[in-house]
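Engineer: My questions concern the predicted model and sequence given below.
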Amino acid sequence: MNQEKLMKRRMIRAIILFIITFIALLVFIALYIDETKRVQETYRKQYKVNLTKVIEDIDSYKNGEGDHDLRYMRIVSDMSGANSFAFLIDKFNDKQIIINELTTCTMKYPVQMKEKLDDMRQALSDILDDVDKGYEEAAAVVSSVDKKGY
């Protein structure tokens, strides 16, 4: 008799421990999902901040006098930062490719891209305004670059 009561108590304790552990697991899963969403929001904000900096750098390049090479390097740097954050954003694959190609063209073909900065600025401005044609405009800028030239 004592053996049966002892086994029932152990079984009840095991069930209670299982329920507590299961609830704790659900809480940690919910916290993980919440934190993942926050991180994604941070990546999206930083992506937009970098695109804003690229637009400001393009304006500075167009309106400024003096060291245009330094101003262009700032464009490349901020575009590279936006590209890095684009790759960290989930469910952003097609747009990642376009931003990556635009960054690559900015780095590899500075002579051609300096002539296309107005188009690039317009595309990035439309992207920041959440207009989908912005990515199409960026793709048009990329396709207009002669990849065999400078």
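Structural biologist: Now that the structure is in, tell me what you want to look at.
Engineer: Average pLDDT for the strand or helix carrying residue 55, rounded please.
Structural biologist: Using DSSP states H and E, residue 55 maps to helix 2-63. Helix 2-63 shows a mean pLDDT of 94.
Engineer: What is that helix packed up against?
Structural biologist: Counting by 3 or more Cβ pairs under 8 Å, 6 or more residues apart in numbering; DSSP states H and E, the packing neighbours recorded for helix 2-63 are helix 68-88, helix 117-128. C-beta here means a position set from N, CA and C on the backbone, and glycine is covered the same way.
Engineer: list the buried ones in the last one?
Structural biologist: By 16 or more other Cβ atoms under 10 Å, the buried positions in helix 117-128 come out as 117, 120-128.
Engineer: Same check on the longest one?
Structural biologist: Of the residues in helix 68-88, those scored as buried under the neighbour-count criterion (16+ other Cβ under 10 Å) are 71-72, 74-76, 78-79, 81-86.
Engineer: swap in stretch 20-35?
Structural biologist: By neighbour count with 16+ other Cβ under 10 Å, stretch 20-35 contains no buried residues.
Engineer: On the three-state scheme, residue 66 is what?
Structural biologist: Following DSSP: H, G, I helix; E, B strand; the rest coil, we place residue 66 in the coil state.
Engineer: Pop out the phi and psi values for it.
Structural biologist: phi 100, psi -130 (degrees, to the nearest 10).
Engineer: Please report the distance of the residue positioned nearest the centre of the chain from residue 136.
Structural biologist: Nearest to the mean C-alpha position of the chain, by Cα atoms, centre = their mean, lies residue 86 at 2.7 Å. Using Cβ to Cβ, to the nearest Å, residue 86 is found at 16 Å from residue 136.
Engineer: just residue 148 next, same as before
Structural biologist: From residue 148 across to residue 136, the span is 24 Å (Cβ to Cβ).
Engineer: Show me which of these two is the more surrounded one.
Structural biologist: Applying other Cβ atoms under 10 Å to residue 148 and residue 136 shows that residue 136 carries more neighbours, namely 13 against 6.
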